[in-house]
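Please work out how this folds:
(one chain, ligands or ions: 1)
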Amino acid sequence: MNRIDTKLIGTDLKIAIVAGRFNDFITSQLVSGAEGALVSHDVDTEDIDLIYVPGAFEIPLAAKTLAESGNYDAVVALGCVIRGSTTHYDYVCNEAAKGISQAGLTTGVPVMFGIVTTENIEQAIERAGTKAGNKGAETATGAIEMANLMKKIR
Ligand SMILES: O=c1[nH]c(NC[C@H](O)[C@H](O)[C@H](O)CO)c([N+](=O)[O-])c(=O)[nH]1
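Model prediction:
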């Protein structure tokens, strides 16, 4: 059996990070984790572009546009949606997840889902660099793997 594996080496990869500004006290930590993970895997800091949008709902449009540009090997989508007292949370989460997935499928460029969706602020903090790790770093590392994999299987 031939197993196609990829290495987590980011040399020469061009990565876009799209971040939702909503809940920025969390999202900024996700961005920092993502940048740190990319650079520690040899992505040149000059090959990382950071784009902010108002919130998670706007991420898919920006992510798809960046993927379509042909300028990036992967797009890292980061945001934080914390459940409030209304059903708004469900709409934002569902549309963000669906849109991010479609952005990757319709363009063929890996668009990674790094949206923290939690019931409360404490859970979000845990996923932004404390007890449960950093979702931004985890998502960025996945972007390197997927970008290298796509180069191999295309
Ligand atoms: O990224 C988020 N956007 C949120 N709303 C804004 C939304 O993403 C859009 O920016 C807005 O609806 C304008 O289109 C959130 N809440 O409302 O709770 C949230 O928790 N996180």
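
Pull out the buried residues from the strand or helix carrying residue 33.
Under the criterion of DSSP states H and E, residue 33 resides in helix 24-40. Using 16 or more other Cβ atoms under 10 Å as the test for burial, helix 24-40 gives 26, 27, 28, 29, 30, 31, 33, 34, 35, 37, 38. Every C-beta, even on glycine, is put in place using the N, C-alpha and C of the backbone.

go on, stretch 45-52?
For stretch 45-52, using 16+ other Cβ under 10 Å, the buried residues are 47, 48, 52.

Also stretch 110-124?
Within stretch 110-124, the residues that count as buried by 16+ other Cβ under 10 Å are 110, 111, 112, 113, 114, 115, 116, 117, 118, 123, 124.

Mark which of those are part of strands, please.
Under the assignment DSSP state E, the buried residues of stretch 110-124 contribute 111, 112, 113, 114, 115, 116, 117, 118 to strands.

Mind putting the buried residues of stretch 110-124 into TSV with pLDDT and distance to residue 74?
Formatted as TSV, these follow (pLDDT from 0 to 100; distance: Cβ to Cβ, whole Å):
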residue	pLDDT	distance to residue 74
110	98	4
111	98	7
112	98	7
113	98	12
114	98	11
115	98	16
116	96	19
117	96	21
118	95	25
123	95	26
124	96	24
